[in-house]
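[1] Let's see this in three dimensions:
(one chain, ligands or ions: 2)
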Amino acid sequence: MIQFQNVTFHYEKSSTPALSEINLEIAQGEFIAIVGHNGSGKSTLAKHINGLLLPTSGSVIVCGYDTKNENDILKIRQQVGMAFQNPDNQLVTTIVEEDVAFGPENLGIASEEIRARVDRALSSVGMTQYAESAVHNLSGGQKQRIAIAGILALRPNILVLDEATAMLDPSGREDLLRTVKRLHDDGMTVIMVTQYMEETVDCDRIVVMNRGRIVCVGTPSEVFRKQDILEKSNLVAPEAVKVRNELKNMGFEIPDDVLTAESLAEAVCLLL
Ligand code: ADP
Ligand code: MG
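    Residues are numbered from 1 along each chain as shown. Ligands and ions are numbered 1, 2, ... in the order given. Take a look at the predicted model:
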């Protein structure tokens, strides 16, 4: 569904590339997490998916369309919804349902169709009962879910979240993550940029970036085993994985698919 073919990108001609020789294929329905330290190129990569940025060399193909082809850019943007860090920058009106309707209204969609889309989108993010609430009364996590509902109302096939949980408190983060997982379960292709390794344990594949390059791609249990690469990339595995590794070093048998506190607790109980 998304192909990066040898993509290199420079913000300015002489500068070091923000992306170097990126090759990546993402299949329909996949849930991909992109991790990496500050400045490693995650946002730059995300902005290539809907053609906000175009490769200096190489190509990005989304749903069969090349982002370099100006005639196809609208078709690409209809396929790709983008959510960013600050929900306040993404909400434009004062009432929840008006905000979710804003995008479809701008596309000139018929009002019954808009109603149906708004209801469906609010239900998808678990915010139906807030339809008539004032946006400014919502928590950060709720605002971010409304921002995502606004994106869903445009019926994208791909959802890109660029550190969408970064400004939320722990419960808001959990809320949003649960919402994203549900969307993925319903078939959405999800690309989630995050700085929290804990958020990546349920995704299909993790892409690790360092200095504009992809240094590792694999399932969470594959990636968390590569401690040397994580260290070199200034990343740390989730707490539960670190404890698991310690226990393994001490000679205890803990399966590699133990990635969360819950599954670690179960595995430890089985040892007793
Ligand atoms: P991340 O999202 O992983 O923090 P970015 O993609 O934002 O990383 O940045 C990658 C590199 O590109 C960094 O070195 C950053 O300083 C540089 N960069 C990002 N945005 C711009 C910009 N608008 N102009 C020039 N350089 C930029
Ligand atoms: Mg970023």
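
[2] May I have the secondary structure class of the most centrally placed residue in the chain?
    Among the residues of the chain, the one closest to the centroid is residue 192, at 1.3 Å (Cα atoms, centre = their mean). Under the three-state scheme (DSSP: H, G, I helix; E, B strand; the rest coil), residue 192 adopts strand.

[3] and the residue nearest to it when sequence neighbours are not counted, which of the three is it?
    The spatially closest residue to residue 192, leaving aside those adjacent along the chain, is residue 161, at 4.7 Å (Cβ to Cβ, 6 or more residues apart in numbering). C-beta: built from backbone N, CA, C; applies to glycine. On the three-state scheme (three-state DSSP), residue 161 is labelled strand.

[4] So residue 161 is in contact with residue 180, correct?
    Yes: Residue 161 is in contact with residue 180 according to Cβ atoms under 8 Å; the separation is 6.7 Å.

[5] any residues in contact with both of those two?
    Listed contacts common to residue 161 and residue 180 are 148, 190, 192; contacts here mean Cβ atoms under 8 Å, 6 or more residues apart in numbering.

[6] so which of those comes closest to residue 22?
    When the shared contacts of residue 161 and residue 180 are compared for distance to residue 22 (Cβ to Cβ), residue 192 wins out at 17.3 Å.

[7] Where do the strands of the protein begin and end?
    2-9, 19-26, 31-36, 57-62, 65-66, 80-83, 158-162, 189-193, 205-210, 213-218 (DSSP state E).

[8] Please tabulate these in a markdown table, including the columns distance to residue 262 and mean pLDDT.
    Formatted as a markdown table, the strands of the chain follow (distance: least, Cβ to Cβ, whole Å; pLDDT from 0 to 100):
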| stretch | distance to residue 262 | mean pLDDT |
| --- | --- | --- |
| strand 2-9 | 32 | 98 |
| strand 19-26 | 28 | 98 |
| strand 31-36 | 19 | 97 |
| strand 57-62 | 36 | 98 |
| strand 65-66 | 41 | 97 |
| strand 80-83 | 27 | 94 |
| strand 158-162 | 24 | 96 |
| strand 189-193 | 21 | 97 |
| strand 205-210 | 20 | 97 |
| strand 213-218 | 22 | 97 |
